[in-house]
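Q: here is a sequence together with a model predicted from it:
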Amino acid sequence: MTRNTLLEVEHLSMKFGGLMAINDLSFNAYEGEITALIGPNGAGKTTVFNCITGFYKPTMGMIRFKHSENKIYQLEQMPDFRITAHAKVARTFQNIRLFSGMTVLENLLVAQHNKLMKASGFTVLGLVGIGPYRKEAKSAIELARFWLEKANLTERADDPAGDLPYGAQRRLEIARAMCTEPRLLCLDEPAAGLNPRESHALNELLRAIRTETGTSILLIEHDMSVVMEISDHIVVLEYGQKISDGDPAHVKSDPKVIAAYLGVDDEEEAVKIVGGIV
């Protein structure tokens with residue numbers, strides 16, 4: 001089966017003063033797949049995300065995002081708001097960033113603010129609800145309701161977002177990101193702080209995103225039960241460098257990965273330790 005490359009990270013390096021946070025990193029993410037970026041604390045995972053989404057400008061390297069053979073965005077050259085608006089890359093963060101005083105539904109409508117403003121012609125058409133704005137507003141509500149259902153939040157649509165349980169807030173953040181209709185959804189530790197039931201609900205939502213919309217997902221995650229269950233492709237970092245790249249079966253049996261997670265230097269010793277445990 002042919003895999004179409006969506007994101008190409010080539011020789012990416014990011015230096016902060018004398019610290020090399022990312023060192024000559026290359027990997028691909030593919031259309032319609034869930035790619036996990038994992039590694040011990042301090043491996044540089046969030047720095048990679050910040051480079052892809054325009055929060056950091058890398059010291060070296062290229063980040064290509066393919067819409068088609070004829071339309072390729074060089075993300076390292078674009079500001080963050082253009083990456084979101086034009087390249088259609090959406091992101092969530094480690095810390096939840098909802099509008100807690102707004103309702104659940106309003107949070108999903110806010111995500112569609114740009115297209116609603118465009119439909120209004122940046123005039124009073126939006127206030128009086130005439131012209132193309134009326135059609136776009138109806139479409140925005142329909143899209144919001146679609147993601148409310150997928151995130152299992154329909155019954156909470158009129159509740160303040162801040163009143164939701166933690167796991168539901170995580171799902172709402174992802175639903176809000178999907179209301180921007182991204183081609184690539186970047187999730188920074190979406191399972192952090194979730195209990196097993198909430199993690200299961202998260203997995204179901206991410207599978208629905210992949211299978212029903214075709215949106216590709218790139219995620220950072222420490223919960224290996226989530227990573228191994230839903231990922232098609234895993235890239236492992238340690239000290240800013242790639243140490244493994246492949247499917248879950250390959251990565252979880254890689255001696256370099258085992259050594260990195262156990263915090264030992266010798267790969268053979270790491271395999272012996274794991275063998276003794278299991």
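A: Now that the structure is in, tell me what you want to look at.
Q: when you work out contacts or count neighbours from here on, use the C-alpha atoms and nothing else.
A: Will do.
Q: and Ser139, how many neighbours?
A: Close neighbours of Ser139, defined as other C-alpha atoms under 10 Å, add up to 13.
Q: distance of it from Val104?
A: Going from Ser139 to Val104 by C-alpha to C-alpha, to the nearest Å gives 17 Å.
Q: over to His11?
A: From His11 over to Val104 the distance is 41 Å, taken as C-alpha to C-alpha.
Q: of these two, who's got more company?
A: Just comparing His11 and Val104: by other C-alpha under 10 Å the higher neighbour count belongs to Val104, 29 against 15.
Q: quick one, strands of the stretch 1-150 of the chain?
A: Across the stretch 1-150 of the chain, reading from the start of the chain, the strands by DSSP state E, counting those that start in this stretch fall at 5-16, 19-30, 34-38, 60-68, 71-74, 89-91.
Q: can you check which of these gets nearest to His113?
A: Closest approach to His113 among these is made by strand 89-91 (14.4 Å; C-alpha to C-alpha).
Q: and that closest one, what does it pack against?
A: In this structure, strand 89-91 makes packing contacts with helix 166-178, strand 184-188, judged by 3 or more C-alpha pairs under 8 Å, 6 or more residues apart in numbering; DSSP states H and E.
Q: what's the angle from the first one to strand 184-188?
A: Angle of helix 166-178 versus strand 184-188, following axes from the mean of the first three to the mean of the last three C-alpha atoms, to 10 degrees, is 150 degrees.
Q: what's the longest helix in this structure?
A: Using DSSP state H, we find that the single longest helix of the chain is helix 132-150.
Q: rewinding a little: can you put the helices and strands packed on strand 89-91 in a markdown table and add mean pLDDT and distance to Ile243?
A: Formatted as a markdown table, the helices and strands packed on strand 89-91 follow (pLDDT from 0 to 100; distance: least, C-alpha to C-alpha, whole Å):
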| stretch | mean pLDDT | distance to Ile243 |
| --- | --- | --- |
| helix 166-178 | 94 | 29 |
| strand 184-188 | 95 | 20 |
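Q: adding distance to Thr213 and mean neighbour count, write those out as a markdown table.
A: Written out in a markdown table, the entries for these read as follows (distance: least, C-alpha to C-alpha, whole Å; neighbours: other C-alpha atoms under 10 Å):
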| stretch | distance to Thr213 | mean neighbour count |
| --- | --- | --- |
| helix 166-178 | 10 | 23 |
| strand 184-188 | 11 | 24 |
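Q: just put those in a markdown table and tack on distance to Phe99.
A: As requested, the helices and strands packed on strand 89-91 are exported to a markdown table (distance: least, C-alpha to C-alpha, whole Å):
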| stretch | distance to Phe99 |
| --- | --- |
| helix 166-178 | 10 |
| strand 184-188 | 18 |
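Q: any idea which of these gets closest to Ala144?
A: With distances scored as C-alpha to C-alpha, the stretch of those nearest to Ala144 is helix 166-178 (8.1 Å).
Q: who are the packing partners of that closest one?
A: Here helix 166-178 is seen to pack against strand 89-91, helix 104-110, helix 132-150, helix 196-208 when contacts are counted using 3+ C-alpha pairs under 8 Å, 6+ apart.
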